[in-house]
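Asker: just need the structure, nothing else, for what follows:
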Amino acid sequence: MGRLIDRDGLGRFSAGSRLFATGAAQSSYNLAYDWAASVVGPGVELVAAGELAPDTLCVVVSLVGSTTALGEQLPAGDEPERAVRALERRLGERAGAVAALNLAAENALIPLIAAAGLGLPLVDGDGTGRVFPLVEQTTYTLGGMSAAPLALAGGLGELVLLETAADRVEELLRPVVLSVGGWAVAACYPMAARDLARVLVPGTVSLLMRAGEPGAPRSAAAPYGVRTLCRGRIQAVEGSTGHGGELALPSLPSSIVLRESEGLRRLVRLEAHNEIVLALADGAVVATVPDQICMVSTADGMVVDVDKAEPGLEVDIMVVRAAPVWHTDQGLALGGPRAFGITL
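Answerer: The predicted model follows:
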C-alpha cells in the first residue's frame, strides 16, 4: 500500500519543492498551492512505480510555459483532467497513475492536483531529479520514451493534441503555449508502469516531503548530494551574445559576476541561459550542467532567479549533483554544456 499525501503532507512536499526551485513566481506558486489544497481532500496515494501492475498506463502531467502567466491568467481548475482525458481518448486506454516531469515548485503541485482530480495515485519519482528548461530534457527521454503524443489544456478551454517526432516536441509546443496565453497543462510521456519504473528518478516525492519538514537541512532535498561553491556579493549582471548553440531556449543569455566574500576572494562568473549553466572562478571552470547551479539569497534563504539577480545581493552558490544517468555520454548530450551551446 502507498502512503497518502494529505493537507499536512502537501505543506511539507510544497516546502521541499521550493528549496532548489528556480523560475517560480510567488503569485503563481501561491495559486498552485491553494489549488492543490482545495482538491487534495483526504489525501492522494503515493506509490512506487514498481508497486503498480506492469501494464498500468502512467501519464506525466506538468505545467508548461510561464509561471508568471499562470499568476496573471487564472486556471479554470479542470486543465489537468482535460489534458489527461484527451490523451486517454487518443490512446484508447485509461490512465492508472500520474507522474511528474520535475518537482520544482508549481511543477511539483500540478501532477498532485491531477492525481487528486482523477482519483489516481501519484508515482514517487520524477523525470529529471532536478529541473531542465525543455520538455525533452528528461530521464524519460534518456530511457527511450517520447513526450508525444501530448495533450495540452489551456486556461480558456483550449485543448490541443500534439503528435510529432520525439526531438520536435519543444519546437512545436512552445508557439502553441504562447498562443493559448503563455501557460498550459500538458499530459505527456504515456508509458506502462514497467517502463516508468525503469526510466524515472525514484523516490523524489518522498525525499522532498522529508526535506520540507521544519528544521530539515536544505541538503535533504538533493538526492545525489549538494556542495556550496562559494558565498559572494553580485558585482554586475551583463548581457551576452550567447555561445553559438542551436538549441532554442526561452530566455536571452546573460552573465552574473560576483566577488567571493571569504577565502581566496575569487571573481566568480555565472553564465546563464534560462538557468545557470556554467560557473567559473578566476577563469577556471568549477561547475557545469547537468548539475544544477543555484544562487541562494543569504538574506532569506530563497533561490534567486537569474532575472532577479542584481548588484549588491549576497548569495551562496550551491551545486546540486544531478542523477547519475545525466553524467553518461547520452545524458551529457541531452543536458550537458553542449546542449546549451557551450564547448569546453
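
Asker: where do the strands sit along the stretch 201-344 of the chain?
Answerer: In the stretch 201-344 of the chain, the segments counted as strands under DSSP state E, counting those that start in this stretch are 201-202, 226-239, 254-260, 267-272, 276-281, 284-297, 303-304, 314-320.

Asker: just checking, what packs against the second one?
Answerer: Spelled out, that is strand 226-239. Applying 3 or more Cβ pairs under 8 Å, 6 or more residues apart in numbering; DSSP states H and E, one finds that strand 226-239 contacts strand 254-260, strand 267-272, strand 276-281, strand 284-297, strand 314-320. Where C-beta positions appear, they are placed from N, C-alpha and C, glycine not excepted.

Asker: these: which one's closest to A147?
Answerer: Proximity to A147 (Cβ to Cβ) singles out strand 284-297 among the helices and strands packed on strand 226-239, at 18.4 Å.

Asker: neighbouring contacts of stretch 79-98?
Answerer: The contact list for stretch 79-98, computed with Cβ atoms under 8 Å, 6 or more residues apart in numbering, reads 47, 49, 52-53, 56-61, 110-111, 113-115, 117-118, 120-123, 149-155, 159, 161, 184-188, 190, 193, 196.

Asker: repeat that with 6 Å
Answerer: Applying Cβ atoms under 6 Å, 6 or more residues apart in numbering, the set of residues contacting stretch 79-98 from outside is 52, 56-59, 61, 111, 113-115, 117-118, 120-123, 149, 151, 153, 159, 161, 185, 187, 190.

Asker: going on from the helix or strand Y140 falls within, what's the next piece of helix or strand?
Answerer: Element membership for Y140, per DSSP states H and E: helix 139-142. Next helix or strand after helix 139-142 toward the C-terminus (DSSP H and E): strand 150-153.

Asker: so for stretch 274-289, what's the average pLDDT?
Answerer: The average of the pLDDT scores along stretch 274-289 is 94.

Asker: let me redo that: stretch 28-36
Answerer: 93.

Asker: report the buried residues of it.
Answerer: 28-29, 31-33, 35-36 (16 or more other Cβ atoms under 10 Å).

Asker: now stretch 287-302
Answerer: 287-296.

Asker: report the two of these separated the most.
Answerer: P290 and V296 (19.3 Å).

Asker: so where is the stretch 1-150 of the chain shaky, pLDDT-wise?
Answerer: Across the stretch 1-150 of the chain, residues meeting the criterion (pLDDT under 70) sit at 1-2, 23-25.

Asker: now do the helices in the stretch 1-150 of the chain.
Answerer: 7-17, 26-39, 67-72, 79-91, 106-118, 139-142 (DSSP state H, counting those that start in this stretch).

Asker: re the thing from before, any idea which of the buried residues of stretch 287-302 is closest to G263?
Answerer: Distances from G263 to the buried residues of stretch 287-302, taken by Cβ to Cβ, are shortest for A287, at 16.2 Å.

Asker: thinking again about what came up before, any idea which of the helices of the stretch 1-150 of the chain is most buried?
Answerer: Sort the helices of the stretch 1-150 of the chain by mean neighbour count, taking mean count of other Cβ atoms under 10 Å, and helix 106-118 sits at the top with a mean of 26.

Asker: which residues touch T22?
Answerer: Counting by Cβ under 6 Å, 6+ apart, T22 has contacts 275, 303, 305.

Asker: and stretch 261-278, end to end?
Answerer: Stretch 261-278 has an end-to-end distance of 20 Å (criterion: Cα to Cα, to the nearest Å).

Asker: typed the wrong thing, it's stretch 41-54
Answerer: 28 Å.

Asker: where does pLDDT dip in the stretch 151-300 of the chain?
Answerer: 240-253.

Asker: swap the cut-off to 90 and go again
Answerer: 167, 223, 238-254, 262-264, 273-275 (pLDDT under 90).

Asker: coming back round to it: from the contacts of stretch 79-98, list the buried ones, please.
Answerer: Buried among those (16+ other Cβ under 10 Å): 52, 56-59, 61, 111, 113-115, 117-118, 120-123, 149, 151, 153, 185, 187, 190.

Asker: okay if I get the strands of the stretch 201-344 of the chain as TSV plus distance to R85?
Answerer: Output for the strands of the stretch 201-344 of the chain, formatted as TSV (distance: least, Cβ to Cβ, whole Å):
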stretch	distance to R85
strand 201-202	27
strand 226-239	39
strand 254-260	40
strand 267-272	38
strand 276-281	37
strand 284-297	33
strand 303-304	34
strand 314-320	35
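
Asker: and the gap between Y140 and A309?
Answerer: 31 Å (Cβ to Cβ, to the nearest Å).

Asker: now V319
Answerer: 17 Å.

Asker: how close does the residue nearest to Q73 when sequence neighbours are not counted get to N274?
Answerer: What sits nearest to Q73 in space, not counting adjacent residues and going by Cβ to Cβ, 6 or more residues apart in numbering, is G181, at 4.8 Å. Separation of G181 from N274 (Cβ to Cβ) stands at 20 Å.

Asker: and for P290?
Answerer: The value you get for P290 to N274, if Cβ to Cβ is used, is 14 Å.
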